[in-house]
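1. Starting from these lines, generate the structure:
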Amino acid sequence: MPSSVLQPCPAKVNLFLEITGKRRDGYHLIATLFAKLALCDDLAIDATNDKKFTLEILDEVGSELISSEDNLVLRAAHAFKREIGLGMGAKFTLTKRIPMGAGLGGGSSDAAAVMIGLARLYRIELDRSRMSRLKKAAARLGADIPFFLLRDGICDGRGIGEKLKPVTTENGLPWMILVFPGISVSTPDVYGRLKRPDKKARLTQLSHLDKLTRKLEKGRPISEWEGLLFNRLEEAVLDLHPEVRQAKDILKRLGLRGVIMSGSGASVFGFARSREEGERVLGLVKGYPWKVFLTSCLG
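-> Numbers count the residues shown, from 1 in each chain. Prediction:
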């Protein structure tokens, strides 16, 4: 049995996000297309001789994340212990590279990495029954976490995001520039400001999601699907946070394709025609007070 494992924790963007309803418990129902990114946190997990979980954070992005018991890493570890019956502890060392509060799913990815990493460390087979229990426990911790439990890079997500269907692309997606303007966007405030679309608008967008998925699966060029990228939450964010609108406008002016906001913000991304173009745009936007990444989708 290994004494330690290193688990990558990829960021995500939403290539598509529509609100389809609201549950009685307050959770919004969505139709989304998740895509994992090469931008990752790293989670090192070391076996210990006691039953405790401890967490050390190496922060490379100024996230001011603290290692309290309320941290999602430790909460995920305790959830894994309850569901699987783990009798051992572990030391977690999280190297944080994904900005917090950016709509990139960093915390959710870290939590999923805990569950996958503990299973690897202690040689626990995640059969169908165990994985089903973990997915339910993960969804209670955060709606995005079940996506990160899957190996797949791109998934269609329904329900609150936990009903997942993998999407396989023929050629992969182009390089992208990802910008975090450095402002905090409150997800509850975004949903509170959102004007829910009527049935006709929802059905139209869902038909666009189907078209987008088919074109990605067939490896069609971005010129055929950039107009299908969509995020309903933009309308609740752009007027309230001009920094997000500015980032989006600048990436468009620099020639990136399909520029949209990810999740509830505040990150914005757009696709480049090549890595060389991505590097050119990266150099041009580094002068802004943003965190900027040249990255790619893992699907």
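2. The closest residue to Lys96 other than its chain neighbours - how many residues pack around it?
-> With CB to CB, 6 or more residues apart in numbering as the measure, Asp59 is the residue that lies nearest to Lys96, at 4.8 Å, once sequence neighbours are left out. C-beta coordinates here come from the backbone N, C-alpha and C atoms, glycine included. Here the number of neighbours of Asp59 (other CB atoms under 10 Å) works out to 14.
3. Distance-wise, check Asp59 relative to Leu104.
-> Summarising the geometry, the distance separating Asp59 from Leu104, computed by CB to CB, to the nearest Å, is 15 Å.
4. ditto for Ala77
-> Ala77 sits 22 Å away from Leu104, going by CB to CB.
5. Pairing partners for the nearest residue to Glu234 once chain neighbours are set aside in the sheet, please.
-> Once flanking residues are discounted, Glu234 sits nearest to Met261: 5.0 Å by CB to CB, 6+ apart. In this structure, Met261 has the following beta-bridge partners (DSSP bridges): Val268.
6. what about Met261, neighbour count?
-> Around Met261 sit 26 other residues, with neighbours defined as other CB under 10 Å.
7. again, but for Ile183
-> Other residues close to Ile183 by other CB under 10 Å number 15.
8. where's it relative to Arg202, distance?
-> Taking CB to CB as the criterion, Ile183 is separated from Arg202 by 29 Å.
9. same thing with Gly278?
-> Distance, Gly278 to Arg202, using CB to CB: 34 Å.
10. what's the offset of the helix or strand of the chain with the lowest mean pLDDT from the middle of its chain?
-> Each helix and strand of the chain was given a mean pLDDT (mean pLDDT, DSSP states H and E); the minimum falls on helix 187-193 at a mean of 83. Relative to the mean C-alpha coordinate of its chain, helix 187-193 is positioned 18 Å out (CA atoms, centre = their mean, to the nearest Å).
11. Check stretch 50-60 too.
-> Between the centre of stretch 50-60 and the centre of its host chain there is 22 Å, according to CA atoms, centre = their mean.
12. Domain parsing of this structure, as residue ranges.
-> Described in terms of automatic domain parsing, the domain architecture of the chain consists of the residue ranges 4-166, 176-295.
13. Which element, helix or strand, includes Ile177?
-> strand 176-180 (DSSP states H and E).
14. Give me the sheet partners of that strand and which way each runs.
-> Counting by DSSP bridges, the strands paired with strand 176-180 are strand 268-271 (antiparallel), strand 291-295 (antiparallel).
15. on that earlier part again, go ahead and name everything in contact with the least confident helix or strand of the chain.
-> His28, Leu233, Ala236, Val237, Leu240, Ser264, Gly265 (CB atoms under 8 Å, 6 or more residues apart in numbering).
16. could the strands paired with strand 176-180 be laid out in CSV, adding mean pLDDT, mean neighbour count and distance to Ser132?
-> Written out in CSV, the entries for the strands paired with strand 176-180 read as follows (pLDDT from 0 to 100; neighbours: other CB atoms under 10 Å; distance: least, CB to CB, whole Å):
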stretch, mean pLDDT, mean neighbour count, distance to Ser132
strand 268-271, 98, 27, 32
strand 291-295, 97, 19, 32
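17. Which stretches in the stretch 51-200 of the chain count as helices?
-> Shown for the stretch 51-200 of the chain, the helices assigned by DSSP state H, counting those that start in this stretch span residues 72-84, 106-121, 128-141, 145-149, 187-193, 199-217.
18. worst average pLDDT in those?
-> Summarising mean pLDDT across the helices of the stretch 51-200 of the chain, the least confident stretch is helix 187-193, with a mean of 83.
19. list the buried ones in it?
-> Applying a neighbour-count criterion of 16 or more other CB atoms under 10 Å, one finds Val190, Tyr191 buried in helix 187-193.
20. mind checking how far stretch 68-78 is from the chain centre?
-> From the chain centre to the centre of stretch 68-78 is a distance of 18 Å (CA atoms, centre = their mean).
21. May I see the buried residues of it?
-> Taking 16+ other CB under 10 Å as the neighbour-count basis, stretch 68-78 is seen to contain the buried residues Asn71, Leu72, Val73, Leu74, Arg75, Ala76, Ala77.
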